[in-house]
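Participant: What follows is a predicted structure for the sequence shown.
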Amino acid sequence: MQNNHNNNQMRKHINKLIVKEDIAYPTVMVFVCNTLFLSSLFMIRNYIPYIMYLIFASISLYVNFTPFHEASHRLIATKKYHYINELIGHLSATIYGTSYTGWKYLHNLHHVHTNHDNDPDNFYSNIYEVLVLGPFLDFIYFYNYVKRIHTRPVMEIINSLSTYSVIFLFYYYVIQHNYGSVLFYYYFLPLRFALLQASLVLDYNAHHECPTKKEDNIKSTNKVSGFFVKEDSPLFLSLFMQNQNYHNIHHLFPFVRFYNYQTIWNNKHIRDELLSKGTNEINIVPKMVSDSKEVMEDVMEELKKISI
């Protein structure tokens, strides 16, 4: 009862802090500008060094996550303009070569079962597994959806499988017409780097070694405070993580749009309340170094046992 009361109090504070417009214009602009940039980049691919294309295409594909993610929470537009939300959701999902409908279901599971075995984002146990599996996040999600397909409504299955079928037929058509190398070097490869970054930022840094949502909702998601030390480069950190350095705010209040996370966190009442209840603040580089050392120590111990 006390937790519910506190949550209701925080919701009241949030409703006073932010105004929810019918259309989230910043998110729409991110999608439009980023899609135009990616399209333009592809058109001039033969006139720039490939490494430059790879870097900027990977960043652009990574940025595409924000409209994709916001659409899955119906945060781009209110019910009155729901078609804008669905349009951007489907288009941004297509850029990732995945089903918007299927991913919405899996992402909802992530919120319900955060850090639990049933969480589709909980696919690794250490940083090395993230580095190996993260680039293939789209295949992991496809596998996770197919694994659960027998539990899903018929219309959702038809929608998801139809989307995947169209995407695979497009890939087949491109390869059959001798553009397979273009597909690989100018789409498939930069997408791997984009998904790796998304895995490190959104899965690993936000949730690794956190308790499950059922055990402790507030502690189930980290607040990332800096690269090396607390608040060492907050603006660049927010750009780098697409404001998901406040991922704890997203999990606690999924009705809040991504560009309002910082406003919520900077509210003294809310921040103090969350910190007093154990919200964990981490710095990216020390955490990754520490976790890497732990894994290597475990590996060395196992090797010693084998040699003995």
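Facilitator: Received it, and whenever you're ready, just let me know what you need. Numbers count the residues shown, from 1 in each chain.

Participant: What are the buried residues along stretch 79-92?
Facilitator: Neighbour-count burial for stretch 79-92, counted by 16 or more other C-beta atoms under 10 Å, picks out Ile84, Asn85, Glu86, Ile88, Gly89, His90, Leu91, Ser92. (Each C-beta comes from the backbone N, C-alpha and C, glycine too.)

Participant: mind showing which ranges of the protein have poor pLDDT?
Facilitator: Scanning the chain for pLDDT under 70 picks out the ranges 1-8, 232, 307-308.

Participant: Let's check: the centremost residue of it is which one?
Facilitator: Leu202 (4.8 Å; C-alpha atoms, centre = their mean).

Participant: SS state for that one?
Facilitator: Judged by DSSP: H, G, I helix; E, B strand; the rest coil, the three-state class of Leu202 is helix.

Participant: List the residues that contact the residue lying closest to it once chain neighbours are set aside.
Facilitator: Excluding its sequence neighbours, the residue lying closest to Leu202 (C-beta to C-beta, 6 or more residues apart in numbering) is Gln244, at 5.7 Å. Residues in contact with Gln244 (C-beta atoms under 8 Å, 6 or more residues apart in numbering) are Val201, Leu202, Ala206, Val224, His250, Phe258.

Participant: now for those residues, which pair is the farthest apart?
Facilitator: Val224 and Phe258 (14.2 Å; C-beta to C-beta).

Participant: measure stretch 109-122 end to end?
Facilitator: End-to-end distance for stretch 109-122: 11 Å, by C-alpha to C-alpha, to the nearest Å.

Participant: Kindly provide the distance from Tyr53 to Leu91.
Facilitator: Plainly put, Tyr53 is 22 Å away from Leu91 if you go by C-beta to C-beta, to the nearest Å.

Participant: swap that for Tyr173, sorry
Facilitator: Per C-beta to C-beta, Tyr173 is found 20 Å from Leu91.

Participant: try Asn159
Facilitator: Applying C-beta to C-beta, the value for Asn159 to Leu91 is 15 Å.

Participant: cool, Asp22 as well?
Facilitator: As judged by C-beta to C-beta, Asp22 and Leu91 stand 20 Å apart.

Participant: Kindly report the same for Trp103.
Facilitator: The gap separating Trp103 from Leu91 is 13 Å, by C-beta to C-beta.

Participant: Strands along the chain, start to end?
Facilitator: Using DSSP state E, the strands assigned to the chain run over residues 223-226, 281-283.

Participant: how about these in TSV, adding mean neighbour count and distance to His269?
Facilitator: Shown next, in TSV, are these (neighbours: other C-beta atoms under 10 Å; distance: least, C-beta to C-beta, whole Å):
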stretch	mean neighbour count	distance to His269
strand 223-226	20	16
strand 281-283	17	18
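
Participant: so which of those comes closest to Ser125?
Facilitator: Closest of those to Ser125 is strand 281-283, at 17.8 Å (criterion: C-beta to C-beta).

Participant: For the closest one, name the packing helices and strands.
Facilitator: Using 3 or more C-beta pairs under 8 Å, 6 or more residues apart in numbering; DSSP states H and E, the elements in contact with strand 281-283 are strand 223-226.

Participant: Given the strand it packs on, what are its sheet partners and their directions?
Facilitator: Applying DSSP bridges, strand 223-226 is found paired with strand 281-283 (parallel).

Participant: any residues touching the partner strand, and which ones?
Facilitator: Under the contact criterion C-beta under 8 Å, 6+ apart, strand 281-283 has outside partners Asn205, Asn222, Lys223, Val224, Ser225, Gly226, Phe227, Phe228, Val229, Lys230, Asp232, Leu275.
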